[in-house]
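Chemist: Here's my sequence, what's the structure:
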Amino acid sequence: MSYQRILLEKANYITTLTLNRPERYNAMDVTFLHEFKQCMDELSSDDETRAIIITGAGRSFCPGLDVAAVAEASADPVGSGMGLATLSQPFALPQVVPNCLRACQKPTIAAINGAVAGLGLALICLCDYRIASEQATFAPAFINLGMAAELGLTYILPRLIPLSAALEFLSTGERREAAWAERFGLVREVVPPEGLMEAAQTLASKLVKMPPLALQTLKQLIYEGQETDFDIQLRMEGHASRILTQTEDFKEGVLSFMEKRPPVFKGR
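Modeler: Prediction:
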């Protein structure tokens with residue numbers, strides 16, 4: 001399927017999703033939100049996709065919500081395809097971004113090529129891995145508009161970086177450089193701009209070689225483990241292990257280990 005705001009490129013089980021609205025620095029509008037959810041839902045169940053790289057076209061990753069465009073869509077719900085019941089004001093957004101990213105069964109990698117702010121910051125925080133260009137910048141933006149935060153940012157950011165750093169960052173609204181994001185663990189590495197996609201591809205290439213069902217289960221266990229206690233987590237892991245040991249990939253993993261060869265996992 002073709003999209004207005006998104007470009008897709010698939011190769012070797014890696015799908016690169018490019019936010020494609022460079023004339024507006026890839027700001028989110030209603031069309032983007034609709035397409036992003038549909039695209040992520042499709043990729044989550046796509047057998048030809050085992051890892052997803054998300055990046056931005058042009059010099060920006062995503063500055064957040066295009067307030068003017070969303071306000072215009074609110075005034076014309078028929079033309080926008082989204083009624084006032086779900087979009088009654090510019091910031092009353094449907095929770096499509098956090099829901100579809102958290103529910104995605106495939107690992108997601110944010111390749112942050114430029115500025116992120118507001119809802120764009122929430123988007124990268126909801127990805128499983130983050131790699132930044134030296135040109136990337138990070139700004140919460142919400143507090144400067146008289147708001148707190150949106151799309152789960154107050155939930156996920158303090159789980160990615162120290163609580164005090166998250167509180168100061170969100171409270172001051174100040175823009176931070178890529179080196180700050182790396183120092184506090186918001187991104188796994190910072191690379192020169194020309195090496196960003198290579199770094200993302202390198203990580204994705206490692207992930208696609210892993211057994212897809214086990215990787216999917218691991219992701220689910222880790223996120224659910226943030227909300228449960230140790231005994232429940234042990235039981236969840238045991239249940240997952242009983243299921244995974246019945247898969248062809250488990251048999252292939254054991255056989256390849258005994259035969260001293262690289263495994264070939266098929267997601268079955």
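Chemist: For residue 36, give its distance to residue 211.
Modeler: The gap separating residue 36 from residue 211 is 28 Å, by C-beta to C-beta, to the nearest Å. (Glycine included, C-beta is placed from N, CA and C.)
Chemist: Same question for residue 159.
Modeler: Taking C-beta to C-beta as the measure, residue 159 falls 26 Å from residue 211.
Chemist: Which of the two has more residues huddled nearby?
Modeler: residue 211 (23 against 11; other C-beta atoms under 10 Å).
Chemist: my read: the more buried one touches residue 251, true?
Modeler: No. Contact criterion C-beta atoms under 8 Å: residue 211 and residue 251 do not qualify, at 10.6 Å.
Chemist: check contacts around residue 55.
Modeler: Residues in contact with residue 55 (C-beta atoms under 8 Å, 6 or more residues apart in numbering) are 16-19, 61, 110-113, 196-197, 200.
Chemist: Let's see which of those end up in strands.
Modeler: If you go by DSSP state E, the contacts of residue 55 have 16-19, 61, 110-112 in strands.
Chemist: So which of those residues wins on neighbours?
Modeler: Highest neighbour count within the ones in strands among the contacts of residue 55: residue 112, with 33 neighbours (other C-beta under 10 Å).
Chemist: beta partners of that residue?
Modeler: When assigned by DSSP bridges, residue 112 has beta-bridge partners residue 132.
Chemist: and what of the one 5 residues further on?
Modeler: For residue 117, the beta-bridge assignment (DSSP bridges) gives partners residue 139.
Chemist: Residue 99 versus that one, what's the distance?
Modeler: In this view, residue 117 and residue 99 are 21 Å apart by C-beta to C-beta.
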